[in-house]
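J.: got a sequence here, can you build the structure:
(2 chains)
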Amino acid sequence: MDLGVLSGKKGNLKRRAEILNLTRRFFIERGYLEVETPSLAPCPIPEAFIEPITSECGCLLPSPELYMKPLLSAGYGDIFQICHAFRRGEKGARHREEFTLLEYYRIGRTYLDLAIETESLIINLAECLIGSAKIQYQGKEIDLTPPWPRVTVSDSFMSTCGWDPVNVHDDEKFDFELATRVAAMSNERPLILYDFPSRMASLARLKPSDSKLAERTEIFIGGLELANIFSELTDPEEQRRRFENELDVARSRRKDAKMPEDFLESLAKLPEAAGGALGMDRLVMLLCDAGTIDEVTAFPV
Amino acid sequence: MEVSEVSKNKKLLIDGVPFNVEGVDFVKPGKGRAIYHLKLRNLINGTLSEPTYHSGDKFDEATITVRDMQYLYEEHGHYTFMDAESYEQHVMGEENVGDKKLYLKDSLGVQVMMWEDRPIDLILPKAVELKVIETESALKGATVTAQQKMAKLETGMSIGVPAFVKEGDVIRISTITGSYVERVGG
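T.: Sure thing, here's the model as predicted:
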């Protein structure tokens, strides 16, 4: 073990600890309850492009929503959690197979309300740590002053790539251009990207006014994809249909991918709520001006 | 091999051409497909490319063997090596030798990476000994530090050396850092 490398990261790791503390304080002051749920489960919720890490005791969860939504259904109110999550094969400058996820749910709110809450969290952190809403990230100055620009998925793709993914179904091209060209729209100002095509709704409800769109938003800053936020789908039958589609893709790789029946049962009692998932390691990268996730985590994996 | 298993310095065969992987970056939208940006060195012509792949894409590994050889001579940008066991001669183009030519002197023992009987890359010894053919006798000029002066070596390489090194000296150079290690004789 290289203790020299470890001590060289001390500044970033101290800031990381401050960010975790300030994030907890932010949610607790707003009336959220901090919860802890298992990391290990018999099966995760099925997602076509997220590979779980399995052990002989079950799956290490790719996200805690499998257990957080039943708490909402049981009447816990607004809740948040900072936990480790696991995704097989996700290794790169901005990815680790084991990473730290902030997941938060607010009752009676929508995806855009929760995007504003997330905006407040990040500005609050920047002001506490840097003393300014203007930050430097990898040679770029980013102005975090609210309100952050909001652009629909359609408009962002039309302006940067010249096509509209709501009408043109090319999901492979969508993922590539989202990660490369659209993400770059956040190099000077944060980007709140909203209203995803309904086929990419995942666990978000469809827009009542336009069923071609899902109430899903993503926040990008400095090219980093930071948060994914939904108005949560509360219809178990619709969720079951979507999971069937995801399972079709997932089963081509993992024969044992299963329908999470208990989770679907709990969805029937889920109150209207919005939920967000934010990659804490990337938020620390942003606030430490770090180009790689290894610079803000103690040990490489 | 799946693209997810590709790592730095793996040798891939793409459309019949061997490539060395010089870098891998992985990007994945939260709910979407994985994207792999590879940095690939074409081992035949030395060019660099940065293609993009998706999860599930597969590659064949290029079978590369390494043989001990002796460097013989250069002619018009073609470098000739002799297999230490079979005495067979192999010619490598300048585009494959690259900057390593600055360490090649007659009879130097090297390892040559072969792909289908074709030499494509060189592995140099960690250090080589080269003769100084030209160096200033006294310190001068603004580009040298108090301890260093420039020296030209028998292969055409120019490096910084300590002030006591003189023309005709043989010095050891690290092929890893490209810098002076010690004087071994004069």
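J.: which residues touch A:Glu51?
T.: Counting by C-beta atoms under 8 Å, 6 or more residues apart in numbering or on different chains, A:Glu51 touches A:Pro62, A:Arg87, A:Arg88, A:Gly89, A:Arg253, A:Arg254. Where you see a C-beta, it was placed from the backbone N, CA and C, and this is true even at glycine.
J.: skipping adjacent residues, who's closest to the one residue in chain A that gets nearest to chain B in space?
T.: Nearest residue of chain A to chain B, counting by C-beta to the nearest C-beta: A:Gly92, 3.0 Å away. With sequence-adjacent residues excluded and distances taken as C-beta to C-beta, 6 or more residues apart in numbering or on different chains, A:Gly92 is closest to B:Phe26, at 3.0 Å.
J.: which helices and strands sit right next to the helix or strand where that neighbour lies?
T.: Secondary structure from DSSP states H and E places B:Phe26 in strand B:17-27. Packing partners of strand B:17-27 (3 or more C-beta pairs under 8 Å, 6 or more residues apart in numbering or on different chains; DSSP states H and E): strand B:11-14, strand B:35-42.
J.: ok, it: who's next to it in the sheet?
T.: strand B:11-14 (antiparallel), strand B:35-42 (antiparallel) (DSSP bridges).
J.: list the buried ones in that strand?
T.: B:Pro18, B:Phe19, B:Asn20, B:Val21, B:Val24, B:Asp25, B:Phe26, B:Val27 (16 or more other C-beta atoms under 10 Å in any protein chain shown).
J.: could you dump those into JSON lines and include pLDDT?
T.: Formatted as JSON lines, these follow (pLDDT from 0 to 100):
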{"residue": "B:Pro18", "pLDDT": "93"}
{"residue": "B:Phe19", "pLDDT": "94"}
{"residue": "B:Asn20", "pLDDT": "92"}
{"residue": "B:Val21", "pLDDT": "94"}
{"residue": "B:Val24", "pLDDT": "91"}
{"residue": "B:Asp25", "pLDDT": "90"}
{"residue": "B:Phe26", "pLDDT": "92"}
{"residue": "B:Val27", "pLDDT": "92"}
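J.: out of those, which is nearest to chain A?
T.: B:Phe26 (3.0 Å).
J.: bridged to the closest one, which residues?
T.: So, taking DSSP bridges as the rule, B:Phe26 has B:Tyr36 as bridge partners.
J.: contact partners for it?
T.: A:Glu90, A:Lys91, A:Gly92, A:Ala93, A:His95, B:Ala34, B:Ile35, B:Tyr36, B:His37.
J.: give me the residues contacting the helix or strand where A:Gln136 lies.
T.: Assigned by DSSP H and E, A:Gln136 belongs to strand A:134-137. For strand A:134-137, contacts defined as C-beta under 8 Å, 6+ apart pick out A:Ala126, A:Glu141, A:Ile142, A:Asp143, A:Leu144, A:Thr145, A:Ile221, A:Gly222, A:Leu286, A:Leu287, A:Asp289.
J.: after the helix-or-strand element of chain A with minimal mean pLDDT comes which helix or strand?
T.: The weakest-scoring helix or strand in chain A, judged by mean pLDDT, DSSP states H and E, is helix A:3-8 (a mean of 87). The helix or strand immediately downstream of helix A:3-8 is helix A:10-29, counting by DSSP H and E.
J.: buried sites along the worst-scoring helix or strand of chain B on mean pLDDT?
T.: When each helix and strand of chain B is scored by mean pLDDT, DSSP H and E, helix B:94-97 comes last, with a mean of 88. Neighbour-count burial for helix B:94-97 flags B:Asn96, B:Val97 (criterion: 16+ other C-beta under 10 Å).
J.: for that helix, what is the distance to the chain centroid?
T.: 9 Å (C-alpha atoms, centre = their mean, to the nearest Å).
J.: so what are the sheet partners of the helix or strand just after that helix and their directions?
T.: Once the chain leaves helix B:94-97, the next helix or strand it forms, by DSSP H and E, is strand B:109-115. The strands that strand B:109-115 pairs with in its sheet are strand B:64-75 (antiparallel), strand B:118-123 (antiparallel) (by DSSP bridges).
J.: mean neighbour count and mean pLDDT for the ones you listed - can I get that in JSON lines?
T.: Conversion of those to JSON lines gives the following (neighbours: other C-beta atoms under 10 Å in any protein chain shown; pLDDT from 0 to 100):
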{"stretch": "strand B:64-75", "mean neighbour count": "15", "mean pLDDT": "95"}
{"stretch": "strand B:118-123", "mean neighbour count": "19", "mean pLDDT": "90"}
